[in-house]
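> Curious how this folds, go ahead:
(chains A and B)
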2 protein chains.
Amino acid sequence: MTTETLMRQVKAVSAAVNLADTETKNRALHGMAAALLAETENILAANAEDCRAAEGVLSPVMMDRLLLTEARISAMAAGVREVAALPDPVGRELESHVHPKGFLIRKVASPLGVVAIIYESRPNVTADAAALAVKSGNACILRCGKEAHRSAAAITNALRQGLTGAGLPAETVSLVEDTSRESANALMRGVGFIDLLIPRGGKGLISACVENARVPCIETGTGICHIYVDAAADVEKALTILENAKKSRPSVCNAAEVCLVHEALLPSFLPAMEARLTSGEHPVQLRADAKCLPYLKTAVPAGEQDFDTEFLDYVLAVGAVTDVAAAIHHIAAHSTHHSDAIVTEDPAAAAAFTAQVDSAAVYVNVSTRFTDGGEFGLGCEMGISTQKLHARGPMGLEALTTYRYIVTGSGQIR
Amino acid sequence: MTTETLMRQVKAVSAAVNLADTETKNRALHGMAAALLAETENILAANAEDCRAAEGVLSPVMMDRLLLTEARISAMAAGVREVAALPDPVGRELESHVHPKGFLIRKVASPLGVVAIIYESRPNVTADAAALAVKSGNACILRCGKEAHRSAAAITNALRQGLTGAGLPAETVSLVEDTSRESANALMRGVGFIDLLIPRGGKGLISACVENARVPCIETGTGICHIYVDAAADVEKALTILENAKKSRPSVCNAAEVCLVHEALLPSFLPAMEARLTSGEHPVQLRADAKCLPYLKTAVPAGEQDFDTEFLDYVLAVGAVTDVAAAIHHIAAHSTHHSDAIVTEDPAAAAAFTAQVDSAAVYVNVSTRFTDGGEFGLGCEMGISTQKLHARGPMGLEALTTYRYIVTGSGQIR
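Alright, predicted model coming up:
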């Protein structure tokens, strides 16, 4: 089936899930979770084929992302049940007032309609994204990378059993067959069929979508996150936060990539930082500017691109700044506006930083690793928006809704 | 000055208004209003030149839009003062909670940064848009049509006196010098300089922006609005609403362009409707489908495009539908999803219509003419969004803001 035909099909059935009540959607979600468990063997078999085909092609990290196990399928099912337990974001009355002429104006949350998600080699995104779409009353079109396509097809097959069991059309959750560039392009140009396109994956995919999409698109995920260690920092806090932000999971978008250090602190802080970050199983490679280099034994000189690179690895760019204003200025020029932190005990420095750093999440004395839907209390996450319109930071169910004004009266005219 | 240089200048000074407190912004707005009045003579002189140059080029309606008078300048100043009186949308705490690990997560409304507005021949948009931008903490770049450029420059000159009087940079409100297509294109491609682009004007301008913009853009204004007269309609209400929606101001986007009539009502309703709409100084031309034509004396057969045209004139397309479901179906296919209404005394028909019509404003027994920021209680309006992301329907000050998560703790790590 062509991607155009698929988009047409999904649009044609989308009204069913758009209008479904909370009970129907939750019944579908519980059915989807149950079917994932019931289909475990088939999903594992499909995944084994994907893994065989990817051997020698994907890096070990990517192979691990691709691999499914019984435990991971159980976790997927549990994730779908958690989404069922969240409050329904659709139908909420956001505002309401009576117009002076006596009619009622209500602002009511509504589904977007059809949401498309382009993702890469993590098959579990299939279930996550579908669950969030269904709960928020949206049909969804999933387009995964070719490495994970057999796994995603088996998962979609299970999810559809849950949908039809609750009386919703199977096409409510649809996987694009074609895994070539063509299908991604078709989704980007699906004006009239796609209400929101969310790219989840590497920088190349995301910028291709943002550049080329003719449908509304949300930029997600790229995180060049900064930790600024102020002159008034508690050094022990700074070391702990930096170690956590850099080393706890370097492959994720809320990991730190750049450490800016106040000049006054260079001689005392940098050696302690080097000791902390370069010890253990995964020593961090430090790439330092000219002012920092003399205080670091293992560092290499930072290249031109090192303050503008999302390493997603045990690598950290280290630079000196003259004061909090210079740190703010550097962040404005180099951050992807995802998550940036200051470590300081000085309330004035913290206030300047939080007022002026224009990022989705701005931290004072807390690790950037907390930028996450679950940690922020959203209960789930469809990605982390690094743009300013519609949704910023972790996107939960609300980010998958819009609103309508519903006006009811008795013949009023203007 | 090239548009690129201008964008760079505005971005460079935008932090001042982004960070300005409520008092400073309001002082600037009152200064802007006072300067508009003080500069009345200069503004009228510039406008007279614009009008002379446009004579014979613009239609009488457009000439009226271009023309400024002392009263219109006073109204502009009053509008700026009204914006000053509105609550500050920036800095509001939208949500806040304490994470289990003891740090505070606050979701705080923030300015977008730099907003660009492309508009056509109404010089008063200069002051309206600038006032809304300043109040919401945004710098703004204004690009008006060439017919109104002298007027807009004189107005901008006055507004800047108000800004500098309050200690804000004059460049906070900047008018693009170049009125060729090039400057509009430069704004559409101003990635890194423009946080939101709002086109205000005709369909051609809006679709050029939506098609070509590389910066976030909000689609505004095109309104193919429907009035569906149900079998259970109170005929007198239907006539009153239809007359108001079509004839009170046909040139605006919330005016009705299409009337759908339940088949059962054709013989009784259509002649009464024709009598009502074709009387008076501005008779409405009716363009009817085959089922409606026999009941209408003055109607012409509707052409292929008549159910997909924003007439903005004393013209109405009239069509028959078999029931409320058919009306909903027709609206889904032909509406611009701006404002659509049902006239009915049947609660089931009203419920089906409000649940299933996916437009910014959905009306039951009320004229579509109320879709307006002032009428909806926003106090002002930057345009009416017909898209689903970020802002839908009338856009007030909130639509010019985004939010940030500000997280403060004492060394917490994940």
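> chain center to stretch A:379-393: distance?
Relative to its chain's centre, stretch A:379-393 lies at 7 Å (C-alpha atoms, centre = their mean, to the nearest Å).
> And for residue A:30, the neighbour number?
With neighbours defined by other C-beta atoms under 10 Å in any protein chain shown, the count for residue A:30 comes to 18. For the C-beta atoms, the positions are set from N, CA and C on the backbone; glycine is no exception.
> For chain B, tell me whether the host helix or strand of residue A:328 is touching it.
For residue A:328, the host element (DSSP states H and E) is helix A:324-334. No - applying C-beta under 8 Å from any C-beta of the partner chain, one finds helix A:324-334 separated from chain B by no less than 8.5 Å.
> Check which helices and strands that helix sits against.
Using 3 or more C-beta pairs under 8 Å, 6 or more residues apart in numbering or on different chains; DSSP states H and E as the contact criterion, the secondary-structure elements in contact with helix A:324-334 are strand A:225-229, strand A:256-262, strand A:315-321, strand A:339-343, helix A:347-356.
> who's in contact with it?
Contacting residues not belonging to helix A:324-334 are listed as A:224, A:226, A:228, A:230, A:258, A:260, A:262, A:307-308, A:319, A:321, A:340, A:342, A:344, A:349, A:352-353, A:356-359 [C-beta atoms under 8 Å, 6 or more residues apart in numbering or on different chains].
> Now do it and strand A:339-343, the angle between them.
For helix A:324-334 and strand A:339-343, the angle between their directions (axes from the mean of the first three to the mean of the last three C-alpha atoms, to 10 degrees) works out to 160 degrees.
> what mean pLDDT does helix A:324-334 have?
Helix A:324-334 shows an average pLDDT of 97 in the prediction.
> Pull out the buried residues from that helix.
A:324, A:326, A:327, A:328, A:330, A:331, A:334 (16 or more other C-beta atoms under 10 Å in any protein chain shown).
> Nearest to chain B among the residues you listed?
Nearest to chain B out of these is residue A:328 (C-beta to the nearest C-beta; 9.4 Å).
> where does the stretch 151-300 of chain A come near chain B, residue by residue?
Residues of the stretch 151-300 of chain A found near chain B, taking C-beta under 8 Å from any C-beta as the criterion, are A:195-196, A:211, A:214, A:216, A:218, A:234, A:236-237, A:240-241, A:243-245, A:248.
> Hmm, residue A:303 is touching residue A:288, no?
No - contact between residue A:303 and residue A:288 fails when scored by C-beta atoms under 8 Å: they sit 11.0 Å apart.
> Mind checking which of those two has more residues around it?
residue A:288 (25 against 10).
> for the more buried one, what are its contacts?
With C-beta under 8 Å, 6+ apart as the criterion, the residues that contact residue A:288 are A:296, A:299, A:300, A:301, A:302, A:317, A:318, A:319.
> want to throw those into TSV with pLDDT and neighbour count?
Below are the contacts of residue A:288 laid out as TSV (pLDDT from 0 to 100; neighbours: other C-beta atoms under 10 Å in any protein chain shown):
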residue	pLDDT	neighbour count
A:296	98	18
A:299	98	21
A:300	98	13
A:301	98	11
A:302	98	21
A:317	98	26
A:318	98	29
A:319	98	23
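> Nearest to residue A:177 among these?
Nearest to residue A:177 among those, counting by C-beta to C-beta, is residue A:317 at 41.9 Å.
> I figured the closest one hits residue A:257, correct?
Yes - under the criterion of C-beta under 8 Å, residue A:317 makes contact with residue A:257 at 6.4 Å.
> what sits in contact with each of the two?
With C-beta under 8 Å, 6+ apart as the test, residue A:317 and residue A:257 both reach A:309, A:311.
> out of the contacts of helix A:324-334, which are buried?
Listed as buried from the contacts of helix A:324-334 are A:224, A:226, A:228, A:230, A:258, A:260, A:262, A:307, A:319, A:321, A:340, A:342, A:344, A:349, A:352-353, A:356-359; burial here means 16+ other C-beta under 10 Å.
> Leaving out the residues flanking it, which one is nearest to residue A:289?
Closest residue to residue A:289 apart from its sequence neighbours, by C-beta to C-beta, 6 or more residues apart in numbering or on different chains: residue A:319 at 4.4 Å.
> How about the contacts made by the one you found?
Per C-beta under 8 Å, 6+ apart, neighbours of residue A:319: A:258, A:259, A:260, A:261, A:288, A:289, A:291, A:292, A:302, A:307, A:330.
> Could you provide those in TSV, with additional columns for distance to residue B:34?
Output for the contacts of residue A:319, formatted as TSV (distance: C-beta to C-beta, whole Å):
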residue	distance to residue B:34
A:258	47
A:259	49
A:260	44
A:261	48
A:288	54
A:289	50
A:291	50
A:292	52
A:302	52
A:307	46
A:330	40
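> The top strand by length along chain A and chain B in contact?
Of all segments of type strand in chain A, defined using DSSP state E, the longest is strand A:401-412. Yes - judged by C-beta under 8 Å from any C-beta, strand A:401-412 comes into contact with chain B through A:402, A:403, A:404, A:405, A:406, A:407, A:408, A:409, A:410, A:411, A:412.
> And the residues you listed, which two are furthest apart?
Using C-beta to C-beta for every pair in those, the one that comes out farthest apart is A:402 and A:411, at 28.5 Å.
> Now do the domain split for chain A, please.
According to automatic domain parsing, chain A comprises the domains A:3-218+A:395-408, A:225-370.
> Start and end of the last one, how far apart?
Read it as domain A:225-370. Distance between the two ends of domain A:225-370: 12 Å, counting by C-alpha to C-alpha, to the nearest Å.
> confidence score at whichever residue of the stretch 51-200 of chain A sits closest to chain B?
Residue nearest to chain B within the stretch 51-200 of chain A (C-beta to the nearest C-beta): residue A:103, separated by 5.1 Å. In this prediction, residue A:103 carries a pLDDT score of 98.
> do the same with the one 3 residues further on
Reading off the confidence values, residue A:106 has pLDDT 98.
> ok, which stretches of the stretch 51-200 of chain A are strands?
A:93-98, A:104-111, A:114-118, A:139-143, A:173-175, A:196-199 (DSSP state E, counting those that start in this stretch).
> can you pull the buried residues of the worst-scoring helix or strand of chain A on mean pLDDT?
Lowest mean confidence among the helices and strands of chain A (mean pLDDT, DSSP states H and E): helix A:203-212, at a mean of 85. Within helix A:203-212, the residues scored as buried using 16+ other C-beta under 10 Å are A:205, A:206, A:208, A:209, A:210.
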